[in-house]
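1. I would like to see how this sequence folds:
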Amino acid sequence: MSRPSEPAAQDSGESDRRPLRLTRGIRATWWYTASGVLLFELVVALIWVLTLLEAGRTTPVLTAVGIAGLAWTASTVPLLQYYRHRTDESPWARWPRLLAPLVIAALVGLVGGLLSGLWLVAALPLVQSVLLLNWPTGVRARMVAAGTLLLGAAWFVDARMTFSQQPDVSWWLLGFFSATLPLMTALSLWWWDVLITVDRARASEARLAATQERLRVATDVHDLQGHHLQVIALQLELAERLMPTDPPAALEQLRAARASVDEARQGTRDLATRVRSVPLSDEIANAADLLRAAGSSVQTIVSPDADDAPASVLAPIIRETTTNALRHGGGAWARVALTREPTGWRYVIANDPGDTTPSADGSGLEGIGRRVSDAGGTLSIDRLDSEFAVAVTLPAETAGGVR
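-> Numbers count the residues shown, from 1 in each chain. Below you'll find the predicted structure:
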């Protein structure tokens, strides 16, 4: 158990410079996509070997072509990794990193082409590796079309020069899978791009919802305080002018300014009451909606009489901890519970932890700790490898309003 004052990676006082890390929720989809592309390439390399075996090529040739196919498949892994971590601002290619995989692909094509005597085997590795680069929007489709036409032409040339001499060999299988590999790869990457776009849209929705709520509260505070402060400034200025010539009138203005201060204070209390007036069951539902919009799988447990809990204490804690989970959580799952216990109320929010390390400049959890302590409750923070949990326990006799 940690003390409330301990810094934690989920502290909402941390700067907003860190974006919501929501792509973890679709990380498994990326591995399906990448493994599918690699599987396509391995199948094509296997078809190379099997076709050459059927054509009666020697064992050293088959071994060399098989090793070349494995080397080419392995060389595409860095290209796929770069494609996964690219951003809209990333260049379409980072030559110092990507030059080596392209060189390997070219060498594999050279060795495979010379040993097999097939132009199709010579062209495919480099064509496939080039298509895995981060091409700008619209360019990839043209590159796929050009690559498919090039491979189709190589297939036609091989059919005239080599395939016709051994018509009983399944050359069509080699040609079909080799020529369609770029298209299958492009479709897999397109599907991944669609999922990334949807994931970013969900992240933007979560940010927008939180921003709109903050903007609404900030606008209300600005309108209220701005009006009263302007009135108070005018009353004090008038009192300053009247003081030398008409002290009684100046005194009346000072009394009016004090009354304006009381009105501003009462208006702030009323505004805080309106913000806190949302039933806690609705607060839990809103928190779950935000987390689901961010792509998390959310489980909620709410007591039927949850609205009887001290809203003035728990409502800001629910909003604060939800923001923590959105900003610093892993984004895969979350669990929110507000339950009645024999000694009082217990609120728990747990989620999969993010990749960040504890921050020393946050104050969100420390503020929650002070609020809970003022209400006579306890706060516990548990950080595990698979879970980050914040638990708040409040006594049954907690006052409804804690300032």
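
2. can you give me the strands for this structure?
-> Remark: strands of the chain, listed N- to C-terminal, are 297-302, 329-341, 344-353, 378-383, 388-395; assignment by DSSP state E.

3. tell me the most buried of these?
-> strand 344-353 (a mean of 22; mean count of other C-beta atoms under 10 Å). (C-beta placed from N, C-alpha, C; glycine too.)

4. paired strands for that strand, with orientation please.
-> strand 329-341 (antiparallel), strand 388-395 (antiparallel) (DSSP bridges).

5. rank these by pLDDT, which is bottom?
-> Note on these: lowest mean pLDDT is at strand 329-341, with a mean of 87.

6. off-centre distance for it?
-> 19 Å (C-alpha atoms, centre = their mean, to the nearest Å).

7. restricting to C-alpha, output that strand in PDB.
-> Output of strand 329-341 as PDB, limited to C-alpha atoms (Å, rounded to 0.1, in the frame of the first residue of the first chain):
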ATOM      1  CA  GLY A 329      -3.700   3.600 -18.100                       C
ATOM      2  CA  GLY A 330      -3.000   0.900 -20.600                       C
ATOM      3  CA  GLY A 331      -6.400   1.300 -22.200                       C
ATOM      4  CA  ALA A 332      -7.300  -2.400 -22.400                       C
ATOM      5  CA  TRP A 333      -9.600  -2.800 -19.400                       C
ATOM      6  CA  ALA A 334     -10.900  -1.000 -16.300                       C
ATOM      7  CA  ARG A 335     -13.100  -1.800 -13.300                       C
ATOM      8  CA  VAL A 336     -15.100   0.800 -11.300                       C
ATOM      9  CA  ALA A 337     -17.100  -0.100  -8.200                       C
ATOM     10  CA  LEU A 338     -19.000   1.900  -5.600                       C
ATOM     11  CA  THR A 339     -20.400  -0.300  -2.800                       C
ATOM     12  CA  ARG A 340     -22.000   0.000   0.600                       C
ATOM     13  CA  GLU A 341     -20.100  -1.700   3.400                       C
END
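
8. if we can go back for a sec, which among the strands of the chain is found nearest to residue 367?
-> Comparison of those against residue 367 by C-beta to C-beta identifies strand 378-383 as nearest, at 10.7 Å.

9. re earlier: now for the strands paired with strand 344-353, which one comes closest to residue 259?
-> Closest among those, using C-beta to C-beta: strand 388-395, at 36.7 Å.

10. quick one: furthest residue from the center of the chain?
-> residue 245 (66.5 Å; C-alpha atoms, centre = their mean).

11. any idea how far residue 239 is from it?
-> Noted for residue 245: a distance of 12 Å to residue 239, by C-beta to C-beta, to the nearest Å.

12. does residue 238 really touch residue 253, like I thought?
-> Yes: if you go by C-beta atoms under 8 Å, residue 238 and residue 253 touch, sitting 4.9 Å apart.

13. tell me the spacing between residue 179 and residue 75.
-> In terms of C-beta to C-beta, residue 179 sits 21 Å off from residue 75.

14. ditto for residue 314
-> Taken as C-beta to C-beta, the span from residue 314 to residue 75 is 56 Å.

15. next up, the contacts around the residue nearest to residue 301 when sequence neighbours are not counted.
-> Excluding its sequence neighbours, the residue lying closest to residue 301 (C-beta to C-beta, 6 or more residues apart in numbering) is residue 337, at 3.9 Å. Residues in contact with residue 337, defined by C-beta atoms under 8 Å, 6 or more residues apart in numbering, are 300-302, 346-349.

16. wait, residue 376 sits on residue 393?
-> No: with contact defined as C-beta under 8 Å, residue 376 does not count as touching residue 393 (9.9 Å).

17. can you check the pLDDT for residue 207?
-> 69.

18. could you dump the strands of the chain into a markdown table and include distance to residue 219?
-> Converted to a markdown table, the strands of the chain look like this (distance: least, C-beta to C-beta, whole Å):
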| stretch | distance to residue 219 |
| --- | --- |
| strand 297-302 | 29 |
| strand 329-341 | 28 |
| strand 344-353 | 28 |
| strand 378-383 | 31 |
| strand 388-395 | 29 |
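
19. of all these, which one is nearest residue 81?
-> strand 329-341 (20.3 Å).

20. now the angle from the closest one to strand 297-302?
-> 10 degrees (axes from the mean of the first three to the mean of the last three C-alpha atoms, to 10 degrees).

21. look up how far residue 181 lies from residue 219.
-> 56 Å.

22. more neighbours: which of the two?
-> Comparing residue 219 with residue 181 by neighbour count (other C-beta atoms under 10 Å), the higher total belongs to residue 181, at 22 against 10.

23. distance of that one from residue 381?
-> Counting by C-beta to C-beta, the gap from residue 181 to residue 381 is 51 Å.

24. same deal with residue 127?
-> Counting by C-beta to C-beta - residue 127 and residue 381 are separated by 54 Å.

25. equivalent analysis for residue 223, please.
-> 37 Å.

26. please parse the protein into its domains.
-> 23-200, 202-276, 280-395 (automatic domain parsing).

27. looking at the ones you listed, which is buried most?
-> domain 280-395 comes out most buried of those by mean count of other C-beta under 10 Å, with a mean of 19.

28. what is the end-to-end distance of that domain?
-> From its first residue to its last, domain 280-395 covers 16 Å (C-alpha to C-alpha, to the nearest Å).
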